[in-house]
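Participant: everything below, folded, please.
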Amino acid sequence: MQKSFISYAVIVFINLLFFYKYIDRLTHFTSAFTALYLILIIWFLKKQIFNKFFNNKTKYIAISFLLFLAVFIHYYVDIHNLNVDRWSVISSFFEQLEQAKYPYFAHSHLGNPPGPMPFYFF
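Facilitator: This is a model prediction of the structure:
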């Protein structure tokens with residue numbers, strides 16, 4: 001029980017850090033949304049630990065909610081307003097490749113070159 005608790009705690013902590021980092025770019029209520037997210041994670045884990053397995057209704061509700069959230073965020077957030085360039089690095093890499101140019105000379109919209117690892121683009 002001790003090892004599984006530590007494992008869950010580490011994963012939840014890292015997940016909360018990433019959630020806080022990215023939700024901060026969307027709203028000024030970052031702490032409130034992070035606290036709500038933590039409550040949802042605790043509720044989810046509590047339910048999973050006590051029931052050991054999900055029932056079908058809970059699975060479908062969770063998957064539907066995550067799918068709806070992903071689609072909503074995809075249409076709500078303009079990628080040019082985010083201060084990341086992973087999408088741009090990958091896009092410029094393939095644009096250079098399609099034009100028969102050396103793809104590692106490509107630059108993102110922020111001026112960053114692609115990384116040296118080819119598996120990054122797969």
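Participant: residue farthest from the centroid of this structure?
Facilitator: Ranking residues of the chain by C-alpha distance from their mean position (Cα atoms, centre = their mean) puts Ala100 at the top, at 32.0 Å.
Participant: tell me which helix or strand that residue sits in.
Facilitator: Ala100 belongs to no helix or strand when elements are defined using DSSP states H and E.
Participant: what about it, distance to Ser92?
Facilitator: With distances defined as Cβ to Cβ, to the nearest Å, the gap from Ala100 to Ser92 amounts to 15 Å. Quick note: C-beta positions are derived from backbone N, CA and C, even for glycine.
Participant: and the residue farthest from the centre of the chain, how far from Leu36?
Facilitator: For Ala100, the distance to Leu36 under the criterion Cβ to Cβ works out to 50 Å.
Participant: ditto for Pro103
Facilitator: In terms of Cβ to Cβ, Pro103 sits 42 Å off from Leu36.
Participant: could you do Glu95 as well?
Facilitator: Using Cβ to Cβ, Glu95 is found at 39 Å from Leu36.
Participant: and for Arg25?
Facilitator: Between Arg25 and Leu36 the distance is 17 Å, computed by Cβ to Cβ.
Participant: where does Pro114 land in three-state SS?
Facilitator: Following DSSP: H, G, I helix; E, B strand; the rest coil, the label given to Pro114 is coil.
Participant: convert stretch 61-71 to CSV, retaining C-alpha atoms only.
Facilitator: The C-alpha coordinates for stretch 61-71 follow below in CSV (Å, rounded to 0.1, in the frame of the first residue of the first chain):
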residue,chain,number,x,y,z
ILE,A,61,-18.9,9.2,-18.6
ALA,A,62,-15.2,9.8,-18.0
ILE,A,63,-14.2,9.1,-21.6
SER,A,64,-17.1,11.3,-22.9
PHE,A,65,-16.1,14.1,-20.7
LEU,A,66,-12.4,14.0,-21.7
LEU,A,67,-13.3,13.8,-25.3
PHE,A,68,-15.7,16.8,-25.1
LEU,A,69,-13.1,18.7,-23.2
ALA,A,70,-10.4,18.0,-25.8
VAL,A,71,-12.6,19.0,-28.6
